[in-house]
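> sequence first, predicted coordinates after that:
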Amino acid sequence: GIIFVLDSTRPNMAECADLLYDVLLQIQRTRPASVRTKASFRVLICCNKSDMKLAKNEKRIQLQLKTELNRLRGTRGAIESTDNGVSASRSADSNNASVLGKPGVPLDWSMDGGMPCEVSFVSCSCLYDNNDGLKGVRDFIEGVC
């Protein structure tokens, strides 16, 4: 599994989405749909510093990241089709697919919504571990191992 940590007090959603898109696309390229199951691979997105006053909540981060991922998907698909003369609707199961998800289906956080693996979110705080601010991270690691 992969743990993707972002600062929920000042998340740069465009930058986070760009990196997350590349991670998810690599998973999609290396894991054919026939072997993708909910338990086969997992990504945890940690919204760190959730205890701070200016922190964005987990639901808002989910929505903003999903919006950015869909924007990137459209942009990268258009670039791919003009650069290589290849249709942007190429099958997502292709090993060299450059567009994340299923053609014609907007990305959502579920595997049915185009994710190549299970993606979950957790709010956490590394500073206040005595209040178990990392419980969700620990649970993820225990579930992967």
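Great, that's in hand.

> could you pull out the helices in the chain for me?
Along the chain, the stretches classed as helices by DSSP state H are 13-30, 58-84, 135-144.

> Val5 is nearest to which of these?
helix 135-144 (8.9 Å; Cβ to Cβ). Backbone N, C-alpha and C define where each C-beta goes, glycine included.

> tell me which other helices or strands that closest one touches.
With contacts defined as 3 or more Cβ pairs under 8 Å, 6 or more residues apart in numbering; DSSP states H and E, helix 135-144 has these neighbours: strand 2-7, strand 42-48, strand 118-123.

> ok, which of these comes nearest Lys59?
Taking the helices and strands packed on helix 135-144 one by one with Cβ to Cβ, strand 118-123 is closest: 8.5 Å.

> low-scoring stretches of the chain, by residue?
Applying pLDDT under 70 to the chain flags residues 32-39, 77-97, 128-131.

> which non-adjacent residue is nearest the residue nearest the centre of the chain?
With the centre of the chain defined as its mean C-alpha position, the nearest residue by Cα atoms, centre = their mean is Leu20, 5.0 Å away. Excluding the flanking residues, the one nearest Leu20 by Cβ to Cβ, 6 or more residues apart in numbering is Phe4, at 6.1 Å.
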